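Peer 1: let me see the structure of the following:
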Amino acid sequence: MKVYIVTGAGQGIGHQIALQLMAEGHLVVMNDIDSTLLSGPYTKAGDVSSYEFIQELVAYAQTLPGDLAGCVCNAGVTTFGSFWDYSPSSMKSLLDLNIQGTFFLIQEVARAIRIAGNPGSIVVTSSVTGHQAHPDLAAYGMTKAALNQLVQNLVIDLSPVQIRINAVSPGATMTERTEKDANYLQEWSRLTPLGKPADVQDISEAVCFFLSDKSKHITGQTLIVDGGWTSISPPPKA
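Peer 2: Got it, this is the predicted structure:
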C-alpha cells in the first residue's frame, strides 16, 4: 500500500486530491495549518514553512502501514499587492511557505523514499501566474515560476533514485475561497476559452495522474490546467 502526504489538504484543491487518492486505495496524511479543517483517518496539523514540522510530518507518515511513495506540495499562500507598495513582511511569508517549505518538504520526502529503496512520485502545485503576467501578483507569480524551475532542476537529483517530480499549474478554479467572490464564476467563465473555470476535480485528476504509474516515464514537467486561459491571458476587471 502506498502512503502519500498532501499539504494544504483542509479544503479546496488539496482536499479533493486527498479524497481521490484515498478512493484509489492509498493512505493519505492530510496536512493543513488549520486543524479545524482536517478530517480523516490520518491527519497532522502544522505549518509546513517550518523545517522542524516538515521533519515531524514525514516521520509520522513513515509510521503508517505501507510505503511512503510521495507527496503533493500543495500548501501555499497567495498575496495580492502592487509592486510599488509590496512589503518585506509579505515577501517573507510568501517565500517561507511557497519556496522554502516546498523545497524542504521535497527534500525530506525524497530522502525517506531513497533510504527505503522504493520508487516515488512528487507533485508540486504551481499556478498559471508562474507562466503569464497577472495584475498585482508579481511576487506570487515569481514564487510559482521558481517552483516550475525547481521541478525541472530536480530531475537531475531524483531520477537516479527513481523518484519522479512534476508540477500542475491550475488556472481559475472554483474553491471555497473563490466562491466567496460573487463575481468570480461569471468573470472567469467570460475569460476562459472553454467557458468556465476549473473545479477541484479537474486539478486533482491531473495530480493523481502524475502520482500514478500511468505517467511512469514523465518527470520534470509542468501541466497547465486552465481551460486555455494562458493561450490568450486576458486579465480580470478587478
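Peer 1: for this protein, which spans come out with low pLDDT?
Peer 2: 238 (pLDDT under 70).
Peer 1: quick one: the helices in it?
Peer 2: For the chain, the helices defined by DSSP state H cover 12-23, 51-61, 88-94, 102-116, 138-153, 155-158, 184-191, 200-211, 229-232.
Peer 1: out of the ones you listed, nearest to residue 168?
Peer 2: For those, the distance to residue 168 is smallest for helix 200-211, at 4.8 Å, taking CB to CB. Bear in mind the C-beta positions are built from the backbone N, C-alpha and C, glycine included.
Peer 1: just the residues contacting the closest one, thanks.
Peer 2: Outside of helix 200-211, the residues within contact range by CB atoms under 8 Å, 6 or more residues apart in numbering are 4, 12-13, 15-17, 19-21, 24, 69-70, 72, 121, 123, 125, 164, 166, 168, 170, 173-175, 215, 218, 223, 225.
Peer 1: now do the contacts for the nearest residue to residue 118 once chain neighbours are set aside.
Peer 2: Among residues not flanking residue 118 along the chain, residue 67 sits closest, at 5.2 Å (CB to CB, 6 or more residues apart in numbering). Contacts for residue 67 (CB under 8 Å, 6+ apart) come out as 1-3, 116, 118.
Peer 1: quick one: stretch 9-17 to chain centroid distance?
Peer 2: Stretch 9-17 has its C-alpha centroid displaced from the chain centroid by 10 Å (CA atoms, centre = their mean, to the nearest Å).
Peer 1: contact partners of that stretch?
Peer 2: So stretch 9-17 is contacted by 6-8, 18, 28, 30-34, 37-38, 72, 74-75, 125, 170, 173, 175-177, 200-201, 203-204, 207-208 (CB under 8 Å, 6+ apart).
Peer 1: if you set the cut-off to 6 Å instead, what comes out?
Peer 2: Applying CB atoms under 6 Å, 6 or more residues apart in numbering, the contact partners of stretch 9-17 are 6, 8, 18, 30-32, 34, 37-38, 72, 74, 175-176, 200-201, 203-204, 207.
Peer 1: ok, residue 52 to residue 108 distance?
Peer 2: 11 Å (CB to CB, to the nearest Å).
Peer 1: between these two, tell me which one has more neighbours.
Peer 2: residue 108 (20 against 9; other CB atoms under 10 Å).
Peer 1: that one against residue 56, yeah?
Peer 2: No - taking contacts as CB atoms under 6 Å, residue 108 lies outside contact range of residue 56: 9.9 Å.
Peer 1: quick one: the residue of the chain most remote from its centre from residue 16, how far?
Peer 2: The centre of the chain is farthest from one residue, residue 84, which by CA atoms, centre = their mean lies 28.1 Å away. Separation of residue 84 from residue 16 (CB to CB) stands at 36 Å.
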